[in-house]
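[1] Pasting a predicted model and its sequence here:
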Amino acid sequence: MTAPSPDTLKLVKSIDRPAAVFAVAAEPDSLRVYFGSQDFKVYAADLAAAKVEPKELHAHGSYVTGVALAGKHLVSGGYDRKLVWWDTEAGEVVRTVDAHAKWVRKVVASPDGSLVASVADDMACKLWDAETGKLVRDLRGHKEQTPHDFPSMLYAAAFSADGKHLATADKVGHVVVWEVETGKEAAAVEAPVMYTWDPVQRLHSIGGVRSVAFSPDGKWLAVGGTGKIGNIDHLEGKARVEVCDWAAGKQVAEFRSDKFNGLVNRLAFAPDGAWLLGAGGANEGFLLFFDVAARKVLRQEKLPMHVHDFVLGDDAKSLVCVGHNRLTAHTLG
């Protein structure tokens, strides 16, 4: 199936929210979405409805920063360090797990829905059986401290389309590709430009790899973040994406937005690999479309909010973005 052109992107709906939205998941071939929010709550909403009325499902004890659909279960994670299983058919919480020792940053489901991966600031990636909630594997390949002896953070995770590999990425730009079946480290990728350390004004660091995505054939790995920052009190670095052949250890392409500053918080390839989509923000939000093979930017689109996450339809004809106090729905094609 040929992916629609980025030139056909249209904003069809914008929904205000009273709090920032950090994570979103969608049912297959549907605009029924689930999202996690700054107000500690998880919601469901039908964005195809004439009047969108989000329904509260359940609450965490802090920010909800990850949601993933795995079969009939919606698994959410948050700064309360917990994972919560919501049965979408029964409409109830069926399991709560004390999953991590520090903030959960991301929750993703394997393509077949059998596994859920969570990453947190305890620098662990944990694989869970999506049906039973049993811990399958505890993956540790990221250092707990930065090179300047401050606590690091584990921001991102993504499965390959065949479910055989999982990538995780941290604050200092270290990315690990794991074999899902064995739990062994298959490769490591470095993106040090995405990490900025200020040794003078703040004695503090900023940046990191905030997003990862495999190409449909699993050969390429894209990582997103921001470029070097002069004033770390502001996200003034250019939005940045690097793509590599991870098995060969060779960079394929490098993109720096000439229009937008800020973090690339989410990445996804078109189903046929024709383009790569990145989204994020600083003071304003953006969508960036790249042709990786041709090493060129196809489209740069401003959005009305800093984007934290998006979900791209299986046919790439629908796109839902969430971020600071807003959800947006788009069509392509």
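    Good, I have the coordinates. Numbering: from 1, shown residues only.
[2] Name the residues that touch whichever strand or helix holds Leu127?
    Take DSSP states H and E as the rule and Leu127 turns out to sit in strand 125-129. Contacts with strand 125-129, where a contact means CB atoms under 8 Å, 6 or more residues apart in numbering, come from 75, 83, 97, 99-100, 114-119, 134-140, 154, 157, 166, 168, 178, 180, 183. In short, each C-beta sits where N, CA and C put it, glycine included.
[3] which regions of the stretch 201-333 of the chain lie under the pLDDT threshold?
    The stretch 201-333 of the chain contains residues with pLDDT under 70 at 201-204, 231-235.
[4] how about the strands of it, start to end?
    204-207, 211-214, 220-226, 238-245, 250-261, 263-269, 276-281, 285-291, 296-303, 307-312, 318-323, 326-331 (DSSP state E, counting those that start in this stretch).
[5] Repeat that for the stretch 51-200 of the chain.
    Secondary structure of the stretch 51-200 of the chain by DSSP E, counting those that start in this stretch: the strands cover 55-59, 64-70, 73-78, 82-87, 92-98, 104-109, 115-120, 125-129, 135-139, 154-159, 165-170, 174-179, 185-190, 195-198.
[6] between the ones you listed, which one is nearest to Ile15?
    strand 55-59 (13.4 Å; CB to CB).
[7] List the neighbouring strands of the closest one plus their orientation.
    Strand pairing for strand 55-59, determined by DSSP bridges: strand 41-46 (antiparallel).
[8] With just CA atoms, put the partner strand into PDB.
    Output of strand 41-46 as PDB, limited to C-alpha atoms (Å, rounded to 0.1, in the frame of the first residue of the first chain):
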ATOM      1  CA  LYS A  41      -6.100  10.700  34.500                       C
ATOM      2  CA  VAL A  42      -6.600   8.300  31.500                       C
ATOM      3  CA  TYR A  43      -9.400   9.100  29.000                       C
ATOM      4  CA  ALA A  44     -11.200   7.600  26.000                       C
ATOM      5  CA  ALA A  45     -12.600   9.700  23.200                       C
ATOM      6  CA  ASP A  46     -14.200   9.300  19.800                       C
END
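[9] just use 64 as the starting number from now, easier for me
    From this message on, residue numbering opens at 64, which makes the last subject strand 104-109.
[10] Just the mean pLDDT for it, thanks.
    What strand 104-109 shows for mean pLDDT is 98.
[11] now it and strand 136-141, what's the angle there?
    Counting by axes from the mean of the first three to the mean of the last three CA atoms, to 10 degrees, strand 104-109 points 140 degrees away from the direction of strand 136-141.
[12] Give me the contacts around strand 104-109.
    Outside strand 104-109, the residues that touch it by CB under 8 Å, 6+ apart are 78, 94-100, 115-123, 127, 130, 137, 139, 147, 149, 390.
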